[in-house]
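Asker: Below is the structure, and that's it, no one-letter string:
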């Protein structure tokens, strides 16, 4: 009746040094909450920006320190095997933070839209008199900064989680702040709230599948640690049924976050409705985190059963690439176009993941970083094209921008070329890396579909370029705001990294290669 | 009253006795009491105050904020019980105590934030 | 009574919840269905804890409960904010974003 006595429980050892980056982020988020509670209103913005950037830079420095002190070579498990500090984990944590810093610059911008892109008081009814007043006068609320720190901390926890329970808790730690951040747009608040409701309901739905998957795998293996699941999977005499049900349900939860077809339906709506800096954060950091989790689950827990599930995930990858590309062609809104392109890009990363060998890991890691920087810069530019109602996101409004704002149009063209995979951009090197890894892993069909879909996907990108240069601007064409220092910095970083990784990919590819070994 | 189902028989008899007693009490009440209804007697009883509005009135939004806070803190306390079982054992001691203090401190931080934002004030 | 029956019950609850999410219109009811699915997961966890003879499953159920409570708070706050504007919690009314 009493299978385990409490006396059997031992206190797990926690290597605080190895998980310091996560602790720094979450601790500084708590500092941010305190600052929000006790500082006078005028001081909050500078303090929050400072806390947010200091936390991320300190976290990044700690990660680099850990990587140099051989944690990448000699990986460890800590906190009762709940967390893994290994090469891919550190790389992904670093990627989340690097992209997070750039996204924070976009979030902190206050000169493009006077007072910032976020609502002053989210509790005021949208569309009311008080709401119009606060949209005109009051500066953004600053809760967005602690929220984004919690989200980033959760993502870092997620990519280093070594058991399913930790992974689930981390999934919610980064999802819940994101749901709220989606609802905080200053303009078009109803749209933003609608996006948040959709994201929340579908996100909760998918995490319910994740929980049930955990339960099934616990029933199968008697433990939720990845290593134990891997051992149970190769031992004979266990019914595989529970394992496959569990794996399928876990995959639903993870592929939802990664926005893979057929779990992608939320993506365009949420990307369009959310405030653009938050969209940038979701498109870059959330994608890194989601694929970090997918990589770890597939490569650590289910490596030996790959012959059974690889075809299924392969079909999902093909669907994701093809449907994402086809639907991108039909879009008339720049944010929705970028959303469908992010769906197709999820398919390319999945292709790299399915190589199921070492360069599959490194190429996926590399692709995630290249895509993250490019998409951050692209959404950063979207915030600059404005008319009286805020951002002018309809494609027809972008006609003739090449003449009105040659610099913006030039940078945007460069980013579009990168998305289309033209050589000398990071989009090309990234696609080359994942496709060659997939070829090496014997996934020729996937690569064929990948190349076809990227050809198809080049069309909507080039259409935007044609629109900007070859069409006459409308009489009431939107103005292009002068970017403030923060946005300029974010755009410059995004564009320069896109170029740098395009001409000199080995800088990052070598790091990714040396990091590509999971701890079992 | 023995055998495999014996204890169930006791339960059954108890149930029957209960139902009979209940029925008898209400039947006796019905036979003995006077029966003179009037509108005042048929309205909802609200502690002697005249009832206001329909019975499907919406609850105040303010209750719901308090309910949120309560739910969060009540549910978080679930971790205190397993902790209370082991923290006095050898090998746990101070570390465990400090860890739980950190956990409670984070919860307190949330409460502090709610207080500073004026959520706890009944305006 | 074998624990298998509890697994069947939990699967049934999960399906009821999933169907509820898919066919109900009111955001609050949709959300309640999600909670039902999470609790079906909890039931499965506790049952497997009994079958496997370890306590891990029960502890995991605690974690899922706590996370679900946090989710309730965030979710209802979002639903309330849109309800204030729309005076409706029907998910069919959320139709500004499409294609």
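Answerer: All right, it came through fine. Everything numeric in this text was worked out from a predicted model, so none of it was measured. Numbering: from 1, shown residues only, chains lettered A, B, ... in the order given.
Asker: Could you pull out the strands in chain C for me?
Answerer: Ranges of strands in chain C, per DSSP state E: none exist.
Asker: low pLDDT regions in it?
Answerer: C:1, C:88-89, C:91-99 (pLDDT under 70).
Asker: Quick check, the residue in it closest to chain B?
Answerer: Relative to chain B, the nearest point of chain C is residue C:69 (4.0 Å; Cβ to the nearest Cβ). For the C-beta atoms, the positions are set from N, CA and C on the backbone; glycine is no exception.
Asker: shouldn't that residue be in contact with residue B:70?
Answerer: No. Taking Cβ atoms under 8 Å as the definition, residue C:69 is not a contact partner of residue B:70, at 10.3 Å.
Asker: Which one of the two is surrounded by more residues?
Answerer: residue C:69 (18 against 10; other Cβ atoms under 10 Å in any protein chain shown).
Asker: Who's the closest spatial neighbour of that one, skipping the chain neighbours?
Answerer: Residue nearest to residue C:69 in three dimensions, not counting chain neighbours: residue B:75, with 4.0 Å by Cβ to Cβ, 6 or more residues apart in numbering or on different chains.
Asker: Phi, psi for residue A:16 please.
Answerer: phi -60, psi -30 (degrees, to the nearest 10).
Asker: whoops, I mixed them up, residue A:481
Answerer: phi -70, psi 150.
Asker: who touches it in this structure?
Answerer: A:112-113, A:383-386 (Cβ atoms under 8 Å, 6 or more residues apart in numbering or on different chains).
Asker: Check what pLDDT it gets.
Answerer: For residue A:481, the model assigns a pLDDT of 82.
Asker: quick one: it and residue A:487, what's the gap?
Answerer: Going from residue A:481 to residue A:487 by Cβ to Cβ, to the nearest Å gives 9 Å.
Asker: Between these two, which contacts overlap?
Answerer: Shared contacts of residue A:481 and residue A:487, counting by Cβ under 8 Å, 6+ apart, come down to A:112, A:383-384.
Asker: Which strand or helix spans residue 105?
Answerer: Just so you know, I chose chain A. For residue A:105, the element it lies in under DSSP states H and E is helix A:87-108.
Asker: try again with chain B
Answerer: Residue B:105 belongs to helix B:93-116, assigned by DSSP H and E.
Asker: anything in that helix near chain A?
Answerer: Yes. Using Cβ under 8 Å from any Cβ of the partner chain, helix B:93-116 reaches chain A at B:95-96, B:106, B:109-110, B:112-113, B:116.
Asker: So which of those is the closest to chain A?
Answerer: Distances from chain A to these, taken by Cβ to the nearest Cβ, are shortest for residue B:116, at 3.8 Å.
Asker: Not counting residues beside it along the chain, what's closest to the closest one?
Answerer: Leaving out its chain neighbours, the residue that sits closest to residue B:116 by Cβ to Cβ, 6+ apart is residue A:37, at 3.8 Å.
Asker: Report the contact partners of the one residue in chain B that gets nearest to chain C.
Answerer: Closest to chain C within chain B is residue B:75: 4.0 Å, counting by Cβ to the nearest Cβ. Neighbouring residues of residue B:75 by Cβ under 8 Å, 6+ apart: C:65-66, C:69.
Asker: does residue A:151 sit in a helix, a strand or a coil?
Answerer: Put simply, residue A:151 is helix when judged by DSSP: H, G, I helix; E, B strand; the rest coil.
Asker: do you know how far it is from chain C?
Answerer: Residue A:151 is 12 Å from chain C, where distance means Cβ to the nearest Cβ, to the nearest Å.
Asker: ok, that residue touching residue A:177?
Answerer: Yes. Using Cβ under 8 Å, residue A:151 is in contact with residue A:177, at 4.2 Å.
Asker: who has more neighbours, the two?
Answerer: Taking other Cβ under 10 Å, residue A:151 and residue A:177 do not tie; residue A:151 has more neighbours (30 against 23).
Asker: need the helix or strand of chain A with the lowest average pLDDT.
Answerer: helix A:129-136 (a mean of 79; mean pLDDT, DSSP states H and E).
Asker: touching chain C at all, that helix?
Answerer: No. Figure legend: helix A:129-136 not in contact with chain C (Cβ under 8 Å from any Cβ); closest approach 9.0 Å.
Asker: now that helix, how far from the chain's geometric center?
Answerer: In terms of Cα atoms, centre = their mean, to the nearest Å, the centre of helix A:129-136 is found 32 Å from the chain centre.
Asker: Let me see the ranges of the helices in the stretch 301-450 of chain A.
Answerer: For the stretch 301-450 of chain A, applying DSSP state H, counting those that start in this stretch gives helices covering A:306-329, A:334-353, A:358-382, A:401-404, A:406-420, A:426-440, A:444-470.
Asker: quick one, which of these is nearest to residue B:91?
Answerer: Nearest of the helices of the stretch 301-450 of chain A to residue B:91, taken as Cβ to Cβ: helix A:358-382 at 38.5 Å.
Asker: Run through the neighbouring helices and strands of that closest one.
Answerer: With contacts defined as 3 or more Cβ pairs under 8 Å, 6 or more residues apart in numbering or on different chains; DSSP states H and E, the packing partners of helix A:358-382 are helix A:87-108, helix A:276-281, helix A:287-296, helix A:334-353, helix A:406-420, helix A:426-440, helix A:485-503, helix A:506-515.
Asker: want to throw those into TSV with mean pLDDT and mean neighbour count?
Answerer: What follows is the helices and strands packed on helix A:358-382, written out as TSV (pLDDT from 0 to 100; neighbours: other Cβ atoms under 10 Å in any protein chain shown):
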stretch	mean pLDDT	mean neighbour count
helix A:87-108	94	27
helix A:276-281	94	29
helix A:287-296	94	26
helix A:334-353	93	27
helix A:406-420	92	21
helix A:426-440	93	23
helix A:485-503	93	20
helix A:506-515	86	17
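Asker: Tell me the one among the contacts of residue A:481 nearest to residue A:65.
Answerer: When the contacts of residue A:481 are compared against residue A:65 (criterion: Cβ to Cβ), the nearest one is residue A:383, at 34.1 Å.
Asker: Could you find the closest non-adjacent residue to that closest one?
Answerer: residue A:276 (4.8 Å).
Asker: contacting residues around that neighbour?
Answerer: So residue A:276 contacts A:106, A:117, A:335, A:379, A:382-383, A:391 (Cβ under 8 Å, 6+ apart).
Asker: cutoff 10 Å now
Answerer: A:106-107, A:112-113, A:117, A:185, A:334-335, A:338, A:379-384, A:390-391, A:393 (Cβ atoms under 10 Å, 6 or more residues apart in numbering or on different chains).
Asker: For the nearest residue to residue C:32 once chain neighbours are set aside, grab the count of nearby residues.
Answerer: Leaving out its chain neighbours, the residue that sits closest to residue C:32 by Cβ to Cβ, 6+ apart is residue C:20, at 7.4 Å. If you count neighbours by other Cβ under 10 Å, residue C:20 ends up with 18.
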